[in-house]
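Asks: Model the structure of this input:
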Amino acid sequence: MCYSLYLSTNSDANLAQYNSELIRFGPLGERDYAYADLLAYPNRWYVGSKSVCSCAFRHAEETLGFGAPEDWFEEEDDDIAATKELYTVIKTLMSSGHKVDCVDTWEGVCPTQINFLEIQLADVPADAFRLFENYRFTFQ
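Replies: Numbers count the residues shown, from 1 in each chain. Below you'll find the predicted structure:
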């Protein structure tokens, strides 16, 4: 099983322009639409990582909240870097006046079990940003 990350925006930009060794924006597959229907904006993307799936990003339980990497919570350097790249893309879109949301889910979780959270991105530094399993983030 793997994580899956979906992002939507009202920007018409081709987000594949941000693809790197650590992050890949691509089209949705057939199995993705159940989760993508939770997204608010018309342009929807599957966000993969170096592992092809979305596993190689920073993920945590919501109870941990946002926070910079800590020695007691082991994370891969590439996962941290990939998450910072994701943060930069979201921030870039928002700085251009676009709206963005995303859903981070463990594969196979029923879409009705996804929680919703509004995030003030300006209050979350890039090094503290991480995804919460089975949450939809709406960025403000």
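Asks: Low-confidence regions, the chain specifically.
Replies: Under the criterion pLDDT under 70, no range of the chain is flagged.
Asks: Which stretches in it count as strands?
Replies: Remark: strands assigned in the chain by DSSP state E are 3-9, 23-26, 43-49, 59-60, 100-106, 115-119, 131-132, 135-139.
Asks: how far does the first one sit from the chain's center?
Replies: Right, the one you point to is strand 3-9. 5 Å (C-alpha atoms, centre = their mean, to the nearest Å).
Asks: Serialize the strands of the chain to CSV and add fields for distance to Tyr33 and mean neighbour count.
Replies: C-beta coordinates here come from the backbone N, C-alpha and C atoms, glycine included. What follows is those, written out as CSV (distance: least, C-beta to C-beta, whole Å; neighbours: other C-beta atoms under 10 Å):
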stretch, distance to Tyr33, mean neighbour count
strand 3-9, 10, 23
strand 23-26, 14, 19
strand 43-49, 9, 21
strand 59-60, 22, 17
strand 100-106, 12, 22
strand 115-119, 19, 12
strand 131-132, 20, 20
strand 135-139, 15, 19
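Asks: Those: which one's closest to Glu85?
Replies: Relative to Glu85, the nearest member of these by C-beta to C-beta is strand 23-26, separated by 4.7 Å.
Asks: So what are the sheet partners of that closest one and their directions?
Replies: In the sheet containing strand 23-26, its partner strands are strand 43-49 (antiparallel), by DSSP bridges.
Asks: re earlier: could I get the strands of the chain in JSON lines, plus columns for distance to Pro69?
Replies: Compiled in JSON lines, the strands of the chain are given as follows (distance: least, C-beta to C-beta, whole Å):
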{"stretch": "strand 3-9", "distance to Pro69": "18"}
{"stretch": "strand 23-26", "distance to Pro69": "18"}
{"stretch": "strand 43-49", "distance to Pro69": "16"}
{"stretch": "strand 59-60", "distance to Pro69": "11"}
{"stretch": "strand 100-106", "distance to Pro69": "18"}
{"stretch": "strand 115-119", "distance to Pro69": "19"}
{"stretch": "strand 131-132", "distance to Pro69": "14"}
{"stretch": "strand 135-139", "distance to Pro69": "19"}
